[in-house]
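>>> Coordinates only, no sequence provided:
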């Protein structure tokens with residue numbers, strides 16, 4: 001079966017956009033994998049919407065992925081790749097469209113389960129950051145008709161350089177400093193969501209890629225999520241990768257994704 005058999009969909013993490021996959025896209029395309037799409041979630045990357053003026057809920061934020069999945073023809077499957085906060089985006093798509101997903105690849109991403117509400121895993125990670133004195137840049141945004149301001153979050157320059165991009169080139173760090181956009185943690189609506197289902201989210205093959213030098217989502221936390229989930233098909237580690245392996249280790253990540261695509265293309 002050709003390399004065109006399965007489409008690969010790349011989902012970015014918090015504050016980022018489709019732009020962060022540019023090196024990986026080039027690597028995959030150079031090897032003949034041309035059916036690869038990087039999606040901007042709402043109010044991310046080049047998407048014109050803004051947080052919180054236009055996007056206030058996770059459902060709004062994740063709508064571009066859900067709309068894309070709805071256009072996948074019946075009988076066709078894709079491979080989803082989610083990075084960091086993008087793991088939750090994958091989980092919602094897996095729950096809604098399990099029959100359209102051959103496999104979901106979590107790249108040092110939040111990995112929920114079928115027992116806890118989605119926000120549980122965000123809260124656990126935020127506690128980890130707090131315990132390590134890592135603080136995001138929080139700004140209140142007042143919206144007409146809303147009594148309380150929205151608290152947006154972004155990475156400041158120190159956190160970005162020390163914990164997110166520490167193994168990346170200065171050029172990629174500079175690019176990020178220009179391209180990052182504020183986000184929300186969506187605590188209110190994600191705390192009120194039901195856990196993901198075994199029939200949907202639980203039924204899709206899950207593959208986890210661990211970045212062993214990630215200083216933001218630490219390896220021990222990722223392994224805890226994997227153990228907690230209890231339904232991960234395979235775990236793979238990339239040596240020397242920081243939080244942004246698509247930039248710090250694009251060739252290694254490309255090789256892993258290509259091998260996974262090849263396996264699922266012949267199943």
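It's in. Computed from a predicted model, the values in this text were never measured in an experiment.
>>> Which stretches in this protein count as strands?
7-11, 36-39, 78-83, 101-107, 137-141, 150-154, 206-211, 234-238 (DSSP state E).
>>> could these go into JSON lines alongside distance to residue 264?
Glycine gets a C-beta too; all of them are placed from N, C-alpha and C. Shown next, in JSON lines, are those (distance: least, C-beta to C-beta, whole Å):
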{"stretch": "strand 7-11", "distance to residue 264": "10"}
{"stretch": "strand 36-39", "distance to residue 264": "14"}
{"stretch": "strand 78-83", "distance to residue 264": "6"}
{"stretch": "strand 101-107", "distance to residue 264": "4"}
{"stretch": "strand 137-141", "distance to residue 264": "39"}
{"stretch": "strand 150-154", "distance to residue 264": "35"}
{"stretch": "strand 206-211", "distance to residue 264": "10"}
{"stretch": "strand 234-238", "distance to residue 264": "12"}
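>>> Adding mean neighbour count, distance to residue 247 and mean pLDDT, write the ones you listed out as TSV.
Below are the strands of the chain laid out as TSV (neighbours: other C-beta atoms under 10 Å; distance: least, C-beta to C-beta, whole Å; pLDDT from 0 to 100):
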stretch	mean neighbour count	distance to residue 247	mean pLDDT
strand 7-11	24	13	97
strand 36-39	19	13	98
strand 78-83	27	11	98
strand 101-107	25	12	98
strand 137-141	13	21	93
strand 150-154	17	18	94
strand 206-211	23	11	98
strand 234-238	16	12	98
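>>> nearest to residue 120, of these?
Minimum separation from residue 120 across the strands of the chain (C-beta to C-beta) falls at strand 101-107, 16.2 Å.
>>> what's the closest one packed up against?
strand 78-83, helix 86-96, strand 206-211, helix 250-265 (3 or more C-beta pairs under 8 Å, 6 or more residues apart in numbering; DSSP states H and E).
>>> among those, which is nearest residue 195?
Across these, closest to residue 195 is helix 86-96 (C-beta to C-beta), at 9.6 Å.
>>> ok, residues contacting that closest one?
11-13, 41, 58, 62, 65-66, 69, 80, 82, 101, 104, 106, 109-112, 118, 121-122, 190, 196-197, 200-201, 204 (C-beta atoms under 8 Å, 6 or more residues apart in numbering).
>>> what's the angle from it to strand 206-211?
180 degrees (axes from the mean of the first three to the mean of the last three C-alpha atoms, to 10 degrees).
>>> Determine the angle, from 0 to 180 degrees, between helix 86-96 and strand 7-11.
Going by the same axes, to 10 degrees, helix 86-96 makes 130 degrees with strand 7-11.
>>> now helix 86-96, how far from the centre of its chain.
9 Å (C-alpha atoms, centre = their mean, to the nearest Å).
>>> Rounded mean pLDDT for that helix, please.
Regarding helix 86-96, the rounded mean pLDDT is 98.
>>> Pull the distance from stretch 16-33 to the chain's centre.
The answer for stretch 16-33 is 15 Å, by C-alpha atoms, centre = their mean.
>>> Same question for stretch 89-103.
On C-alpha atoms, centre = their mean, the centre of stretch 89-103 falls 13 Å from that of its chain.
>>> again, but for stretch 213-220
15 Å.
>>> And the helices in the stretch 1-150 of the chain, which stretches?
Counting by DSSP state H, counting those that start in this stretch, the stretch 1-150 of the chain has helices at residues 22-30, 58-71, 86-96, 119-131.
>>> Let me have these in JSON lines, extended by mean neighbour count.
JSON lines is the format used below for the helices of the stretch 1-150 of the chain (neighbours: other C-beta atoms under 10 Å):
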{"stretch": "helix 22-30", "mean neighbour count": "18"}
{"stretch": "helix 58-71", "mean neighbour count": "17"}
{"stretch": "helix 86-96", "mean neighbour count": "25"}
{"stretch": "helix 119-131", "mean neighbour count": "16"}
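>>> still on that earlier bit, residue 47 is nearest to which of the helices and strands packed on strand 101-107?
That would be helix 86-96 among these, by C-beta to C-beta, at 13.5 Å.
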